[in-house]
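Undergrad: Please work out how this folds:
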Amino acid sequence: LAFPHVSGSWVTRSAFVIGISNAGIDFYALDGAPVHIFLCLVSPNKPESQTQKSLLIYSVNLLKKKNLRRQLLEAKSLEGVIKLLNAEFA
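TA: Numbering: from 1, shown residues only. From the prediction side, this is the model:
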């Protein structure tokens, strides 16, 4: 898993982008293994807000679920990925 994230004054609201690579991508992971799931967070630069930190913590906890990671890698379409994530957020 990789969780690249950025915040800036040019961002008006938080958003996630998910990327899935069955082959894996070298992302200089600490364990040297290729990364298969990327969850990128873009959020407003608001020092008084804990939004980015809260979203990152929630995302990390969500993707600690081994079964969910397996299902994401096995998803055959964008719709399948969205369905899995919507079920987790429900």
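Undergrad: Look up how far Ser9 lies from the spatially most central residue of the chain.
TA: With distances taken as CA atoms, centre = their mean, the residue of the chain nearest its centroid is Leu39 (2.0 Å). For Leu39, the distance to Ser9 equals 23 Å [CB to CB, to the nearest Å]. C-beta: built from backbone N, CA, C; applies to glycine.
Undergrad: The residue nearest to the centre of the chain touches Tyr58, doesn't it?
TA: No. Leu39 is not in contact with Tyr58 according to CB atoms under 8 Å; the separation is 10.6 Å.
Undergrad: what touches both of these two?
TA: Applying CB atoms under 8 Å, 6 or more residues apart in numbering, one finds that no residue jointly contacts Leu39 and Tyr58.
Undergrad: quick one: buried residues of the helix or strand of the chain with the lowest mean pLDDT?
TA: Using mean pLDDT, DSSP states H and E, helix 51-62 stands out as the lowest-scoring helix or strand of the chain, at a mean of 80. Using 16 or more other CB atoms under 10 Å as the test for burial, helix 51-62 gives 52, 55, 59.
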